[in-house]
Structure formats: structure tokens, C-alpha cells
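> Need coordinates for the below:
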Amino acid sequence: MGKKFVLKKHTPVSFLLIIILAMLLPAGKAGAQDAQPEGQVYIVQPGDTLSGIAARFGVTTDDLISANGITDPDNLVVGTHLIIPGPGMIQGEVVTVPVSFGTTLRSLSRRYQLSQADLALMNRLASPAEIYVGSSLVLPKAQADAPAGGRAMLAPAQSLFELAVINGSDPWTLVATNALSGTWDVLPGDVLQLPAGTGTPEGPEALPQAIQGVEFKSLPGIQGKALVIRVAAEGELALSGNLIGYTLHFFPDQPGQYTALQGIHAKTVPGLYPLTITGTLQGGIPFNFSQMVMVQSGNYLWEDVSGIPASTLDPAVTRPEEEQWYALASPATPLRMWEEMFQYPVPIPHNDCFPFNPADPYYCWISLFGSRRSYNGGPRDFYHSGLDMYAGVGEEIHATAPGVVVFAGWMDVRGNATMIDHGWGVYSAYLHQSELKVKVGDKVETGQVIGLVGGTGRAGGPHLHYEILVGGLPVDPLDWLQQTYP
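Just a heads-up that it's a prediction; the model follows:
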């Protein structure tokens, strides 16, 4: 039943019109305008999926469907306002921002003027380690869009007053902007947020202002792949680092850029690992920063290999040889000797071998990198450290890129083997040869004949075992045959 209006003698005509219009308006329209959604609201962007949004906000897909009355989960329209269910202090529109290297909960708090507790709550963070490179964080749109200032690192023996004056501010403003207890609540090496309109806002918030950015090729990291790390900086720096126990070697790549390449072991357990970058700024000021990066499975195949000489499986033989082999590939020569994509060491059997077809992995290759292996019916404790390529005895083997030969000789497991240094910690290797055509110290060019195919060492038959080693670890050679590094 509708409302009953009693018209009095002197009711104005204009008021009558308002009443009539109100009665004509659909009840649903008026209610939709009055009822504002409570909680977090996310606007669907191009490329979004319901499952992706759910994962980003730490909720289930079913929760999103229920909270928003979604009838067709596969038809997500760009621009749709989604209510994000669950506890959280955000009211209104939210956005997600990617986490780059150089981000901490404290630096985010200072950059966006939100408390660390509120940031942890709205992102459902149980530990600061969850802010890893490549993850996403939820922020209120108003704070995310707000202008920011630059950043400045307190140098040793420098006071907060000096730092403020140099950057056109004052110590009390810095105290307020960075939620400090007082002017004494800061230590050398701390990176402070400057007020909006002061300094240059670009760059990783928790790193010194001389570091303008840290970029990665191929994140998340994957078992058996090479990670490329680029640091953009002002002025000359001395950089080093560490990833999963292996030293990072940075080399000047182009003006203002330093690059390091590092392989990830093919049997690294998937999960989060710290990546540390240390260095010395101009003026001899040191810095050190560590942040988690994700390593995912390479989804490698399983293989059972038979007919292998038992002597080549004896740990008394294999362990000393592996130590010698990987020691050869440990130095990182400062001179990068290659510019283009690595070339095939022997001809591929088919013209359509690329892109790689996972549905028929043995169409072009005898055995792929990373395959978990059992030898002669034993346990699958081994993995394949290279790419086995089809080739007959006596076929020529060609250098895959320019470099210097660091090993050419006999090994019990690898047979006649050659290893070439290409610089920057990158090596190629060629195993099971019938004949060697180069010696240690020789400089070789792309395509130069370095040996002949054979079946020596731990081999079930003639073929070329081809390896790429980066930072002392074997990585998937197919990557280097299909794209240019770094």
C-alpha cells in the first residue's frame, strides 16, 4: 500500500508537482541511490578475472559471487564495481598496486600516510615477509592517487636537521611525515619520505634516492631459469648481492644501469627466498636491502634411463667431477662477449621446433633440461642438467656464442667435454664428444667448430648434451636459444 497524502486548502501547486513526481519514480531507483555499499569497492580493470581478483584480495571466489550477486562468473564486465567482503578498515574505492623491490611495510606507511597496522589489516598480512616482489597490495584509491614527495637517506654523522635543510624541509615536518617519535627517532641508513612537492617521488621507497629502480626479467623466479636483475642508479655504484646462497655479480650495462644474471637451481623447493642487494654509494656510504622473491616449480618431466655404466653413477666418481665442473663455471668475467641470441650448436632435426610444443616434448629433443631422472631402475634422485640434441657420431659441434675456452678434456661422466666462458658468469658446455677441436685459452666465435659429436662418458648413445650455466648453475638452454639475454 502506498503513502496517503492529505492536501490542505493552501497547498502550493509546486509542492503538488513534487509529490506527484516522487510517486511516479520507481521505488528500486530511489533505494539504489540511497544505499551505498559498505566496505571495500574494487573497479574491474581490463584483463581481470574473478579468481584473480579473489586471490589479490585474499577472499574466495564464492565470497565475491555471493557479496555481489553475480550470476555469470565468466562474464566480468570492465568497470563493474565489486564489493570486497570480509573485515577491513577501508570504506570506499580501493586499488591494487604491484610490489617492487625496495618496498617494506614501513616505507609504504610513510609513502601513503597510512599506519602499518592499517596496511596489515586491509591486506590481511600475517607477516612482513608476505610483501614479496611481484605480489600486490590493496590501497585506498585516495591515498594511492595522492601526490608524494621524494625520499632521502640519513647519512652517517648527519643530523635530521641537516637532512631536512638539504631537501628544502624542516625536521618537524619530517617527523610528522614519517610518523617518528621525535627528531631522535632515526638512525643512519634510514630512508625517509619527504613531504609532497619536495624531491623526486619516483623510485623504490625503502632504497637510497640514488637507486632509481630495480627491475627483474622473468618474475616469479622458476626452477632452472636465469633471473636477470637490473638496477638503475644515479652516479657510480659498487653493487653486489646474494640469492639463495649464490653471489650476485653486477656489471655496468649502459649509462646509469647495472645488470646481474643468476641461475636458480632446478631442484630449489618452491617458495619465498630472500634476495639481498648491497652496495656503496658515492661518498663511500654503504647500503643493504633484502626482500623476498617467489620461486615456482618448473613442472619438469620424469624419465627412466637404462643401459648406463654403473661406474658413472658411483658418488666417488660423480661428486669430485661435479665440484670441478661447477668451480669452472663460478667466476664472473667482467667482459660480456655476446650481443645476440645464442645459436644452435648442431642443426635441429625439424624446422618447426620452435615454439616448443609441450604436447610432444621429444619431437625435437632426446631429453629436456630439468627432467627428474632414474638411472638403471634406481631412485629418481638425479635431474638432467642440459638439453640432449639429436646428432650422429662425427657431426660438427659449433660454438653457440663468442667466448673463451676454459675447459677442453676428458671427464668420466661427461666424456670429452668443452666449456666456454661468455662473460658475466654465463657459460656454455658441450658433452660426450668423440673428438675435441679446441684447447683451454682459445678464443672462439659464434659458429666455430669446437668438436665432434660422440657418445663418450655417461651416455646411452651418440648425441650432444648442451648446457648453459649462469652464476654457477645450469639453466634451461631452450630459453637462451629462443630469446636474447640479458
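> from here on, contacts and neighbour counts on C-alpha atoms
Noted.
> What is the end-to-end distance of stretch 142-150?
Start-to-end span of stretch 142-150 (C-alpha to C-alpha, to the nearest Å) is 19 Å.
> Name the residues that touch that stretch?
The contact list for stretch 142-150 (C-alpha atoms under 8 Å, 6 or more residues apart in numbering) reads 95, 111-113, 193-202, 209.
> and the residues you listed, which are buried?
Buried members of the contacts of stretch 142-150, counted by 16 or more other C-alpha atoms under 10 Å: 95, 111-113, 193-195, 199, 201, 209.
> The residues you listed in strands, which ones?
Mapping the buried ones among the contacts of stretch 142-150 onto strands (DSSP state E) picks out 95, 193.
> Distance to Asp476 and pLDDT added to the buried ones among the contacts of stretch 142-150, as JSON lines?
Formatted as JSON lines, the buried ones among the contacts of stretch 142-150 follow (distance: C-alpha to C-alpha, whole Å; pLDDT from 0 to 100):
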{"residue": "Val95", "distance to Asp476": "37", "pLDDT": "90"}
{"residue": "Arg111", "distance to Asp476": "39", "pLDDT": "93"}
{"residue": "Tyr112", "distance to Asp476": "41", "pLDDT": "92"}
{"residue": "Gln113", "distance to Asp476": "44", "pLDDT": "92"}
{"residue": "Gln193", "distance to Asp476": "42", "pLDDT": "95"}
{"residue": "Leu194", "distance to Asp476": "44", "pLDDT": "95"}
{"residue": "Pro195", "distance to Asp476": "47", "pLDDT": "93"}
{"residue": "Gly199", "distance to Asp476": "43", "pLDDT": "86"}
{"residue": "Pro201", "distance to Asp476": "39", "pLDDT": "84"}
{"residue": "Gln209", "distance to Asp476": "36", "pLDDT": "91"}
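> Farthest-apart pair in the contacts of stretch 142-150, please.
Using C-alpha to C-alpha, these reach their maximum pairwise distance at Val95 and Gln209, which is 25.9 Å.
> re the thing from before, which one of the contacts of stretch 142-150 sits closest to Ala155?
Nearest to Ala155 among those, with distances taken as C-alpha to C-alpha, is Gln209, at 11.7 Å.
> Report the contact partners of the closest one.
150-153, 203 are the contacts of Gln209 under C-alpha under 8 Å, 6+ apart.
> can you tell me which of the buried ones among the contacts of stretch 142-150 are in helices?
Among those, the residues falling in helices (DSSP state H) are 111-112.
> Below-threshold pLDDT in the protein: ranges please.
Along the chain, segments meeting pLDDT under 70 span 1-39, 87-90.
> quick one, domains of it?
Domain assignment for the chain, taken from automatic domain parsing, gives 92-145, 148-209, 212-296, 302-482.
> Adding distance to Gln45, write those out as CSV.
Below are the domains of the chain laid out as CSV (distance: least, C-alpha to C-alpha, whole Å):
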stretch, distance to Gln45
domain 92-145, 10
domain 148-209, 24
domain 212-296, 22
domain 302-482, 30
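> which helices and strands sit right next to the helix ranked longest in the chain?
Taking DSSP H as the assignment, the helix of the chain that covers the most residues is helix 315-328. Packed against helix 315-328, as judged by 3 or more C-alpha pairs under 8 Å, 6 or more residues apart in numbering; DSSP states H and E, are the following elements: strand 403-411.
> Not counting its own residues, what contacts the strand it packs on?
Contacts for strand 403-411 (C-alpha under 8 Å, 6+ apart): 321, 328, 337-338, 416-423, 436, 438-445, 457.
> and Gly241, what does it touch?
Contacts of Gly241 (C-alpha under 8 Å, 6+ apart): 247-249, 275-278.
> Just say helix, strand or coil for Pro252.
Of the three states, Pro252 takes strand under DSSP: H, G, I helix; E, B strand; the rest coil.
> Tally up the residues packed near it, please.
Pro252: 17 surrounding residues under other C-alpha atoms under 10 Å.
> Hmm, it is touching Thr259, no?
Yes: counting by C-alpha atoms under 8 Å, Pro252 touches Thr259, with 6.5 Å between them.
> Which residue ranges of this protein form helices?
For the chain, the helices defined by DSSP H occupy 13-24, 27-34, 50-57, 61-68, 105-112, 116-122, 141-145, 160-166, 171-177, 315-328, 477-482.
> Tabulate those helices in a markdown table, adding columns for distance to Phe356.
Putting the helices of the chain into a markdown table (distance: least, C-alpha to C-alpha, whole Å) gives the following:
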| stretch | distance to Phe356 |
| --- | --- |
| helix 13-24 | 65 |
| helix 27-34 | 53 |
| helix 50-57 | 27 |
| helix 61-68 | 33 |
| helix 105-112 | 41 |
| helix 116-122 | 42 |
| helix 141-145 | 41 |
| helix 160-166 | 55 |
| helix 171-177 | 52 |
| helix 315-328 | 28 |
| helix 477-482 | 9 |
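> From what I see, Ala157 and Pro188 are in contact.
Yes: between Ala157 and Pro188 there is a contact under C-alpha under 8 Å: 7.5 Å.
> In terms of neighbours, single out the busier of those two.
Neighbour count, other C-alpha under 10 Å: between Ala157 and Pro188, Pro188 has more, with 15 against 8.
> Any chance of the backbone angles for that one?
Here is the backbone geometry of Pro188 (degrees, to the nearest 10): phi -50, psi 140.
> Determine which of the domains of the chain approaches His81 most closely.
Closest among these, using C-alpha to C-alpha: domain 92-145, at 8.6 Å.
> Quick one: end-to-end length of the closest one, please.
OK, domain 92-145 end separation, C-alpha to C-alpha: 14 Å.
> how far does that domain sit from the chain's center?
Offset of domain 92-145 from its chain centre (C-alpha atoms, centre = their mean, to the nearest Å): 18 Å.
> follow-up on the earlier one: winner for burial among the helices of the chain?
Here the criterion is mean neighbour count by mean count of other C-alpha atoms under 10 Å, and of those the winner is helix 105-112, at a mean of 22.
> Does anything pack onto that helix? Which helices or strands?
Under the contact criterion of 3+ C-alpha pairs under 8 Å, 6+ apart, helix 105-112 touches helix 116-122, strand 191-193.
> From the rest of the structure, what touches it?
With contact meaning C-alpha under 8 Å, 6+ apart, helix 105-112 is reached by 114-116, 119-120, 128, 131, 143-144, 146, 148, 177-179, 192-193, 205-206.
> what sits against Val214?
Val214 neighbours (C-alpha under 8 Å, 6+ apart): 100-102, 204, 229-232.
> mind redoing it with 7 Å?
Residues counted as contacts of Val214 (C-alpha atoms under 7 Å, 6 or more residues apart in numbering) are 101, 230-232.
> Show me which of those residues is closest to Phe354.
Using C-alpha to C-alpha, the contacts of Val214 come closest to Phe354 at Arg230, 28.0 Å.
> How many residues are close by the closest one?
Quick note: Arg230 (other C-alpha under 10 Å) scores 20 neighbours.
> and the gap between the closest residue to it other than its chain neighbours and Ile285?
Nearest residue to Arg230 in three dimensions, chain neighbours excluded: Thr259, at 4.5 Å (C-alpha to C-alpha, 6 or more residues apart in numbering). Computed as C-alpha to C-alpha, the Thr259 to Ile285 distance reads 21 Å.
> Compare neighbour counts for these two and give me the winner.
Using other C-alpha under 10 Å, the more surrounded residue of Thr259 and Ile285 is Thr259, with 22 against 12.
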